[in-house]
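*Asks:* What follows is a predicted protein model with its sequence.
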Amino acid sequence: MGDFAFNLPINQVSFGQVSYGLLKETFNRSINPCVFPIGEVNLSTQKEPSKEFQEWLEFCINKANRSHSRDTPTVRLWHIFDSLQSYSKEQTLLTFYELDSPTEQEVNVLNNNDVVVTSKFAQEVFKGVGVESRYAPLFFDKENFQVTKNEDGETKRYFDDGRITFNLAGKFEKRKHHYKAIKAWLKKFGDDKKYFLQACVYNNFFSQEQNVQMFQSCTEGKRYFNVNFLNYMPTNELYNDYLNSSDIIIGMSGGEGWGLPEFHSIGLGKHGVILNAHSYKDWANQDNSILVEPKEEKIEVYDETFFKRGAPFNQGNIYDFDEDEFIAACEEAVKKVESNRVSEAGFKIQEDFTVSKTLDSLLEGV
């Protein structure tokens, strides 16, 4: 590995979370690359970063325009659509791909980068259109996500009424099948005091009123005492608490670049009901999850908000699932919780997927 520069978002969304982890690992290795932030630097979701790290980051950002040479390769973490631009003659693009039909524009952008993807699914899709890529799976963020303990050092229990709690995460949208999963869950478990659903699916791209309307569409205006739609959580500390409060994490998204909330939940020892498709297959298995096989036929992704038909980017299809098979998997997960609330197999994720491995894979050949 020679000199390199970073070009990435340092913010409060999922891209920024990955960027922060990579930057912290680079800092821990005493490497001082030039850093070109994409957008405003915002570390508000993180636990208070050390003074040393903040000084290091400021130094790397400030030196970028003073000393960076286009002969030094850049490692960029970003969307495909905006990645023809580069600070260097050679650029490694770490990107997350969720669909199955790369467009002509996307292929052109990819062919002008050394492409790194986070799932074997994306690697195969790109290979099908003649784009070679490298594979760098993402990592469990041990700095921000741990099993919560009470004052006595024992694992914290969030409810004392014996309920079995399901979590559903990610910003509300068609691609993630939130509506379908919630409707099916309510049909089976709604108003049953033994079960509880916590839906942390607030979408910051919409207003509060729009979010409420989306949530009400899932319940058809009916009030269920055992479902709670949670507001946006602004810090990782709060989100860690949320992930720890469940027994079962639902991951039925039709297309993901990785699935960070589901992945971290499994790594915290939660049972999982996970669609056996796309990037989920890189970390979810029969040992740590109840797997739901997708339908043979996919469905179009278009919602005319995040995915617009005929656009030059983000075109294609997502996986779908059978509701009865999803509910059957939920019932199987319930039995596992009744046997042991902790899924010991999930903890292996923390050791198998580390930020050190991700950074090594990303910088291979740079």
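*Replies:* That came through fine. Every value quoted in this text rests on a predicted model; they were computed, and no experiment measured them.

*Asks:* Isn't Arg341 up against Asp247?
*Replies:* Yes. Counting by C-beta atoms under 8 Å, Arg341 touches Asp247, with 5.7 Å between them. Every residue, glycine included, has its C-beta placed from N, CA and C.

*Asks:* was I right about Val147 contacting Ser265?
*Replies:* No. Val147 lies out of contact with Ser265 (C-beta under 8 Å); the separation is 11.3 Å.

*Asks:* Return the residues in contact with Gly280.
*Replies:* Just so we're on the same page, residue 280 is Tyr rather than Gly. Neighbour list for Tyr280: Gly251, Ser253, Glu256, Gly259, Glu262, Ile274 [criterion: C-beta atoms under 8 Å, 6 or more residues apart in numbering].

*Asks:* ok, the first one - contacts?
*Replies:* Shown in contact with Gly251 (C-beta under 8 Å, 6+ apart): Gly259, Glu262, Gly272, Val273, Ile274, Leu275, Tyr280, Ala284, Ser289.

*Asks:* Which pair of those residues spans the longest distance?
*Replies:* Pairwise distances across the contacts of Gly251 (C-beta to C-beta) peak at 12.6 Å, for the pair Gly259 and Val273.

*Asks:* in stretch 154-173, what counts as buried?
*Replies:* Along stretch 154-173, these residues count as buried under the neighbour rule (16 or more other C-beta atoms under 10 Å): Ile164, Thr165, Phe166, Asn167, Leu168, Ala169, Gly170, Lys171, Phe172, Glu173.

*Asks:* any idea how far Glu143 lies from Ser88?
*Replies:* 29 Å (C-beta to C-beta, to the nearest Å).

*Asks:* that older thread, output the contacts of Tyr280 in JSON lines; the columns should cover distance to Gln54, secondary structure and pLDDT.
*Replies:* Below are the contacts of Tyr280 laid out as JSON lines (distance: C-beta to C-beta, whole Å; DSSP: H, G, I helix; E, B strand; the rest coil; pLDDT from 0 to 100):
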{"residue": "Gly251", "distance to Gln54": "34", "secondary structure": "strand", "pLDDT": "98"}
{"residue": "Ser253", "distance to Gln54": "34", "secondary structure": "coil", "pLDDT": "98"}
{"residue": "Glu256", "distance to Gln54": "31", "secondary structure": "coil", "pLDDT": "98"}
{"residue": "Gly259", "distance to Gln54": "30", "secondary structure": "coil", "pLDDT": "98"}
{"residue": "Glu262", "distance to Gln54": "31", "secondary structure": "helix", "pLDDT": "98"}
{"residue": "Ile274", "distance to Gln54": "37", "secondary structure": "strand", "pLDDT": "98"}
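
*Asks:* now, the most widely separated pair of these?
*Replies:* Across the contacts of Tyr280, the two members that end up farthest from each other (C-beta to C-beta) are Glu256 and Ile274, 10.3 Å apart.

*Asks:* picking up where we left off before, who's more crowded, Arg341 and Asp247?
*Replies:* Asp247 (24 against 16; other C-beta atoms under 10 Å).

*Asks:* In terms of distance to Glu331, which of the contacts of Gly251 ranks first?
*Replies:* Checking the contacts of Gly251 against Glu331 with C-beta to C-beta, the nearest one is Val273 at 9.6 Å.

*Asks:* Surely Val212 is in a helix?
*Replies:* Yes. Secondary structure assignment places Val212 in a helix (DSSP: H, G, I helix; E, B strand; the rest coil).

*Asks:* follow-up on the earlier one: sort out which of the contacts of Tyr280 are buried, if you could.
*Replies:* Of the members of the contacts of Tyr280, the ones counted as buried by neighbours, 16+ other C-beta under 10 Å, are Gly251, Ser253, Glu256, Gly259, Glu262, Ile274.

*Asks:* For Asn231, state which of the residues you listed is nearest.
*Replies:* Using C-beta to C-beta, Glu262 comes nearest to Asn231 of the buried ones among the contacts of Tyr280, at 20.0 Å.
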